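Student: Let me see the structure of the following:
(one chain, ligands or ions: 1)
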Amino acid sequence: MDLKSFDTLAMPVQSREEWRLTLEFLEGYFRNRGIEHPVIVEVGIQSNLQKAFYERFLGARHIGVDCSDKYSKPDVMGDALSPAVLQRALDMAGGDFDMVFLDAAQHYPEVKAYFDLWGPHARHVIALHPIYTTEAHPDGMRRLWRELNEASMGEYRFASFRHVVGSDSPCFRYQFGTGLLIKIA
Ligand SMILES: C[S@@+](CC[C@H](N)C(=O)[O-])C[C@H]1O[C@@H](n2cnc3c(N)ncnc32)[C@H](O)[C@@H]1O
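Tutor: This is a model prediction of the structure:
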């Protein structure tokens, strides 16, 4: 991955270090499996800043889903808890996705519902963000990540990239963290 080029793009909400390591892992993962153009759906895009990274570094096709177009124009606009919204994204992809990145509302019932609805349509990787939040932050992803780590060892391998407090993120007060569930073939 061209790390100089990485620094020219505007960062999504993850810290730079966390995001770069996540992409480096994914680039190697898909390349080693001969997946030249992975299809990635991101559920909750806000300013849609992940898209350029996936396209440039993974050669990916990115489908952004969001219930709001306040900060950017989603490819699929609507409530990610709706099966009709999932179906529109599947239609755009022409089938299941190589990866699903879940990053919309953060309370447990919603987080669990996204996972149950979108997760079965990920062929390889389900990414959860943020999984290492502070106590003040809704704990949905943190709790789901912990539950899956305890209960689903036979179904997934687990990798996570954690924000380092005091690094260059404008959100340095928070522990974000990206968790990757890698489906065991
Ligand atoms: C934390 S932001 C996403 C950040 C983005 N993934 C990034 O890396 O920069 C969360 C987004 O989820 C969207 N969202 C919240 N609830 C949603 C829902 N039920 N369906 C679709 N989008 C939702 C919000 O509108 C917001 O843009």
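Student: alpha carbons only for contacts and neighbour counts from here, please
Tutor: Noted.
Student: following the helix ranked longest in the chain, which helix or strand comes up?
Tutor: For the chain, the longest helix by residue count, based on DSSP state H, is helix 16-32. Next along the chain after helix 16-32, taking DSSP states H and E as the criterion, comes strand 39-43.
Student: after that following strand, next one along is what?
Tutor: Moving toward the C-terminus from strand 39-43, the next helix or strand (DSSP H and E) is helix 50-58.
Student: angle of that following helix against strand 39-43?
Tutor: Compare the direction of helix 50-58 with that of strand 39-43 by axes from the mean of the first three to the mean of the last three CA atoms, to 10 degrees and you get 160 degrees.
Student: tell me the angle of the longest helix of the chain relative to helix 50-58?
Tutor: 50 degrees.
Student: Show me what helix 16-32 is packed up against.
Tutor: Counting contacts by 3 or more CA pairs under 8 Å, 6 or more residues apart in numbering; DSSP states H and E, helix 16-32 is packed against helix 50-58, strand 156-161.
Student: okay, those in TSV with distance to Gly95 next?
Tutor: Shown next, in TSV, are the helices and strands packed on helix 16-32 (distance: least, CA to CA, whole Å):
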stretch	distance to Gly95
helix 50-58	19
strand 156-161	21
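Student: Next one: the longest helix of the chain, is it in contact with the ligand?
Tutor: No: Helix 16-32 stays out of contact with the ligand when judged by CA under 6 Å from any ligand atom, the minimum separation being 9.0 Å.
Student: Check which residues of that helix are buried.
Tutor: Within helix 16-32, the residues scored as buried using 16 or more other CA atoms under 10 Å are Arg16, Glu18, Trp19, Arg20, Thr22, Leu23, Leu26, Glu27, Phe30.
Student: Show residues contacting the worst-scoring helix or strand of the chain on mean pLDDT.
Tutor: Ranked by mean pLDDT, DSSP states H and E, the weakest helix or strand in the chain is helix 3-6, scoring a mean of 88. The contact list for helix 3-6 (CA atoms under 8 Å, 6 or more residues apart in numbering) reads Arg20, Phe53.
Student: What residues of it count as buried?
Tutor: Phe6.
Student: what separates that helix from the chain centre, distance-wise?
Tutor: Per CA atoms, centre = their mean, to the nearest Å, the displacement of helix 3-6 from the mean C-alpha position of its chain is 20 Å.
Student: what's the spacing between the longest helix of the chain and its chain's center?
Tutor: Distance of helix 16-32 from its chain centroid, counting by CA atoms, centre = their mean, is 12 Å.
Student: Could you list the low-confidence segments of this structure?
Tutor: Residues of the chain meeting the criterion pLDDT under 70: 163-175.
Student: need the residues of it near the ligand, please.
Tutor: By CA under 6 Å from any ligand atom, the part of the chain that sits against the ligand consists of 12-13, 44-46, 49-50, 66-68, 78-81, 103-105.
Student: run the last query once more with 8 Å
Tutor: Taking CA under 8 Å from any ligand atom as the criterion, the chain approaches the ligand at residues 11-14, 42-50, 65-71, 77-81, 101-106, 110, 129.
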